Structures are given as C-alpha cells and as structure tokens.
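**Q** coordinates only, sequence not included:
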C-alpha cells in the first residue's frame, strides 16, 4: 500500500495500480486496497477492472459510502463515454 500511495501522489497510476493490486491480493480481507485499486483504475480509465474492485469492496463492506460514491462516479463516466 505504501508504494502504491507514493505512486498515486505522483499521479503514476499504472505503477500505483500494480502495487494496489498486490496489496489487494495480500490483504484480501481489507477494503482499503480494493478502494485504492478502484481509484487507480478510474484514473487509467479501466472501468471494467474498476467495477471488479468495487464489487469486491462491496462484498467486504456493503454499507461503506465510499463504495457507493466510486460506483456513482464510474457509472457517470461510463454514461459520458457512451453518449
């Protein structure tokens, strides 16, 4: 997570995603790596992978408002791309 956060602060999203993906695998019971990975995928415009991360985050914490906020953001971006 630390390396991912460092890369994210520098807006190096691909490298951040690599480290967040590893953290999500190693800390599968925690929501934070999934949310961080979803944000990285959002910035990379990889909405299909973002949806997978958000689904996993929702399984871990169904009522977390951050999941809903990121899902809404993703859906807005997808609608903008379609129209």
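**A** All right, it came through fine. Keep in mind that what you see is a predicted model, and the values were worked out from it rather than measured.
**Q** Distance-wise, check the spatially most central residue of the chain relative to residue 73.
**A** The geometric centre of the chain, computed from its C-alpha atoms, lies nearest to residue 38 (C-alpha atoms, centre = their mean), at 0.8 Å. Noted for residue 38: a distance of 9 Å to residue 73, by C-beta to C-beta, to the nearest Å. Bear in mind the C-beta positions are built from the backbone N, C-alpha and C, glycine included.
**Q** Distance of residue 35 relative to residue 68?
**A** When residue 35 is compared with residue 68 (using C-beta to C-beta), they lie 11 Å apart.
**Q** So for the two, which residue has more residues nearby?
**A** residue 35 (23 against 13; other C-beta atoms under 10 Å).
**Q** the helices in the chain, which residues?
**A** 2-9, 13-26, 31-43, 47-60, 65-82 (DSSP state H).
**Q** what's the most buried one of the ones you listed?
**A** helix 31-43 (a mean of 23; mean count of other C-beta atoms under 10 Å).
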